[in-house]
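Student: Everything below, folded, please.
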Amino acid sequence: MVTSSLSRIWLRDELSTTVAPHAAKTYGLSRQQLHRLLKRYHQGGLEAVDPRSRRPASNPRAVRDDVIIAIVRLREQLSADGLDGHAGPRWNPGSSDSSGVDRAR
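Tutor: From the prediction side, this is the model:
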């Protein structure tokens, strides 16, 4: 969409005197984007026009930290005992293959 500073300047200086389709064309917005910004502005002022994060609030499928710690400790113990079966990441940034995948295994 538009950056926060541009949207603030635009709303403050231009919106009151510019016809909506002309304003949309001037600032490279679609008519729908313009009306979405206007609605947000009318509902919450300039702060409501600031860009919002699209990042999800949570990830229910994420592995819990205690599980990750247990796995790392178990792998370290198995490696120290020689029982890890040469476990390791299959991604190898130093491989000659351009994909970065270690295909030697």
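Student: separation between residue 70 and residue 58?
Tutor: Going from residue 70 to residue 58 by C-beta to C-beta, to the nearest Å gives 22 Å. Any C-beta I mention is one placed from the backbone N, CA and C, and that applies to glycine too.
Student: And for residue 33?
Tutor: Per C-beta to C-beta, residue 33 is found 28 Å from residue 58.
Student: These two - which one has more neighbours?
Tutor: residue 33 (14 against 7; other C-beta atoms under 10 Å).
Student: Correct me if wrong: that one contacts residue 25.
Tutor: No - using C-beta atoms under 8 Å, residue 33 is not in contact with residue 25; the gap is 11.6 Å.
Student: give me the number of residues near residue 64?
Tutor: Each residue near residue 64 was counted by other C-beta under 10 Å, and the total is 8.
Student: er, residue 46 actually
Tutor: By other C-beta under 10 Å, the residues close to residue 46 number 13.
Student: Repeat that for residue 34.
Tutor: Residues lying near residue 34 (other C-beta under 10 Å) number 19.
Student: need the contact list for it.
Tutor: The contact partners of residue 34, by C-beta atoms under 8 Å, 6 or more residues apart in numbering, come to 20, 23, 24, 27.
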